[in-house]
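Visitor: Here's a sequence, model it:
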Amino acid sequence: MTVQADIRLPSRVDALAEALLQPILAGDWRPHDRLPSEHALAAQHEVSRAVVREAIARLKSDGYVETRQGKGAFVAAAPGGNAFRLDVEGDTHLLELRALIEADCAALAAERHTAADLTALRAASDAMRDAVAKGGLGLAEDIRFHDVLAEAAHNPALRRFAAFVGRHAREAMQLARLSQLREQNRLVEIEAEHAAIIKAVAARDPVAARAAVQHHIASGLRRHGLS
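Guide: This next block holds a predicted model:
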């Protein structure tokens with residue numbers, strides 16, 4: 001008797017919901033931005049409008065989008081607000097949670113990343129360097145780096161949670177602190193820590209990747225006077 005493995009492929013609704021979620025998590029679609037029409041999404045992704053409606057309904061249920069009668073679907077004011085709740089006080093607890101989640105992302109990324117993932121990770125690091133060189137803080141680019149790292153883990157549930165926790169943690173870091181980091185040239189340290197993470201992921205060394213992220217976030221606690 002032949003026993004076939006129970007391999008469950010994502011449905012078209014699952015795949016489309018995930019595809020629509022990516023630009024929201026990456027910040028390409030901002031809160032209150034209008035999503036493309038059902039017709040445009042159906043044509044772009046080669047699915048029926050019924051699939052589009054169900055995918056949007058799923059994102060609406062999770063709090064990533066909202067619909068307006070006669071106007072279409074829009075990115076929610078607080079994307080993912082219905083998916084998770086965080087009722088904690090203080091930066092330290094958020095950053096500790098972020099360290100745990102992102103360490104797991106890095107370990108999985110070291111094992112599962114593709115060549116495209118590694119290219120995207122390096123590009124995100126380069127973008128932060130360029131932003132800082134032009135006098136910016138590189139905050140958006142830093143967020144993108146960590147989002148790409150989570151994507152490379154190839155675990156959609158973990159990536160969503162990492163993005164949610166990461167954004168709450170970064171909102172807790174006031175811009176004034178980041179300005180002080182720039183004056184102290186601490187952004188060079190952050191860049192070096194990102195490089196260490198990339199090196200460990202590229203080497204497919206989950207232990208080193210986990211350690212590199214833990215060191216990066218522990219250093220962040222120190223830089224922000226939270227440890």
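
Visitor: The helix or strand encompassing Ala19 - contacts with which helices or strands?
Guide: Element membership for Ala19, per DSSP states H and E: helix 12-26. Under the contact criterion of 3 or more C-beta pairs under 8 Å, 6 or more residues apart in numbering; DSSP states H and E, helix 12-26 touches helix 38-45, helix 49-61, helix 139-151, helix 156-172. Every residue, glycine included, has its C-beta placed from N, CA and C.

Visitor: and those, which one is worst for confidence?
Guide: For these, the weakest mean pLDDT is recorded on helix 156-172, namely a mean of 73.

Visitor: Tell me the spacing between the nearest residue to Gly220 once chain neighbours are set aside and Ile101.
Guide: Excluding its sequence neighbours, the residue lying closest to Gly220 (C-beta to C-beta, 6 or more residues apart in numbering) is Leu95, at 6.5 Å. Using C-beta to C-beta, to the nearest Å, Leu95 is found at 11 Å from Ile101.

Visitor: Over to Phe161?
Guide: 6 Å.

Visitor: next one: Ala153
Guide: 10 Å.

Visitor: Report the contact partners of the residue nearest the centre of the chain.
Guide: Centroid check for the chain by C-alpha atoms, centre = their mean gives Asp147 as the closest residue, at 2.8 Å. Contacts here follow C-beta atoms under 8 Å, 6 or more residues apart in numbering; on that basis Asp147 touches 25-27, 124, 159, 162-163, 166.

Visitor: Any quick PyMOL command for the buried ones out of those residues?
Guide: PyMOL command restricting the contacts of Asp147 to the buried ones, with burial defined by 16 or more other C-beta atoms under 10 Å:
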select buried, resi 25+124+159+162+163+166
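
Visitor: Can you tell me which of the contacts of Asp147 is nearest Arg53?
Guide: Of all the contacts of Asp147, Arg53 sits closest to Leu25, with 21.3 Å by C-beta to C-beta.

Visitor: May I ask which helix or strand encompasses the residue nearest to Gly220?
Guide: Going by DSSP H and E, Leu95 is part of helix 91-112.

Visitor: immediately after that helix, which helix or strand?
Guide: Taking DSSP H and E, what comes next after helix 91-112 is helix 115-133.

Visitor: Lowest-scoring secondary structure element of the chain by mean pLDDT?
Guide: helix 175-183 (a mean of 53; mean pLDDT, DSSP states H and E).

Visitor: Just the CA atoms of whichever helix or strand comes after that one, as PDB, please.
Guide: Per DSSP H and E, the first helix or strand lying C-terminal to helix 175-183 is helix 187-202. Coordinates of each C-alpha in helix 187-202 appear next as PDB, following Å, rounded to 0.1, in the frame of the first residue of the first chain:
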ATOM      1  CA  LEU A 187      24.700  54.200  13.500                       C
ATOM      2  CA  VAL A 188      28.100  52.800  12.300                       C
ATOM      3  CA  GLU A 189      27.700  50.200  15.000                       C
ATOM      4  CA  ILE A 190      24.200  49.300  13.800                       C
ATOM      5  CA  GLU A 191      25.500  48.800  10.300                       C
ATOM      6  CA  ALA A 192      28.300  46.500  11.500                       C
ATOM      7  CA  GLU A 193      25.700  44.500  13.500                       C
ATOM      8  CA  HIS A 194      23.500  44.100  10.400                       C
ATOM      9  CA  ALA A 195      26.600  42.900   8.500                       C
ATOM     10  CA  ALA A 196      27.200  40.200  11.100                       C
ATOM     11  CA  ILE A 197      23.600  39.000  10.800                       C
ATOM     12  CA  ILE A 198      23.900  38.800   7.000                       C
ATOM     13  CA  LYS A 199      27.200  36.900   7.300                       C
ATOM     14  CA  ALA A 200      25.700  34.300   9.600                       C
ATOM     15  CA  VAL A 201      22.600  33.900   7.400                       C
ATOM     16  CA  ALA A 202      24.700  33.600   4.200                       C
END
